[in-house]
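Asker: no letters, just coordinates:
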């Protein structure tokens, strides 16, 4: 795994944030997060997906939620102070975030977008998010991620 360091892993090392890398078998295409959790033998409640949305104002927001859940657009909009939000189209993802679908991480985004993480992180010792590349995930303390990306914590799922 040492030769497979992603940019996300390098950022965590620069900030001296301990993490555990995880790899899972993958093809060229993204698989859903529940499948990723199963491939890694991890509890899906601790595996999070990173979603990008656009507010009515045009602002981009990043939401990090458990893989088994769906983003609640109204709750998410309220959490970031927007009247409404909609998901960013997958073809815009790389240009906006620097990541592809299935490899989007809240760490190392192209720009420092506001990040909101689902409140369930308060109840788990560690959380797993994408390491910025399909097939790679990182496990770290939720508080470390919150601090690093200056995230808000809110109830944003259905």
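Answerer: Received it, and whenever you're ready, just let me know what you need. Because the structure is predicted, anything quoted here is derived from the model rather than measured.
Asker: leaving out sequence neighbours, find the closest residue to residue 72.
Answerer: Nearest residue to residue 72, sequence neighbours excluded (C-beta to C-beta, 6 or more residues apart in numbering): residue 158, at 4.5 Å. Backbone N, C-alpha and C define where each C-beta goes, glycine included.
Asker: burial count for that neighbour?
Answerer: 10 (other C-beta atoms under 10 Å).
Asker: going forward, the N-terminal residue is numbered 58.
Answerer: Right, with 58 as the first residue, what we last looked at is residue 215.
Asker: that one and residue 131 touch, don't they?
Answerer: No - with contacts counted by C-beta atoms under 8 Å, residue 215 stays clear of residue 131, the gap being 9.6 Å.
Asker: helix or strand with the lowest mean pLDDT in the protein?
Answerer: Least confident element among the helices and strands of the chain, by mean pLDDT, DSSP states H and E: helix 90-97 (a mean of 90).
Asker: which residues sit against that helix?
Answerer: 79, 81-82, 88, 100-101, 103-106, 124-125, 185, 194 (C-beta atoms under 8 Å, 6 or more residues apart in numbering).
Asker: low-confidence ranges, this protein, go.
Answerer: 58-60, 86-87 (pLDDT under 70).
Asker: follow-up on the earlier one: distance of the residue nearest to residue 129 relative to residue 166?
Answerer: Counting by C-beta to C-beta, to the nearest Å, the gap from residue 215 to residue 166 is 24 Å.
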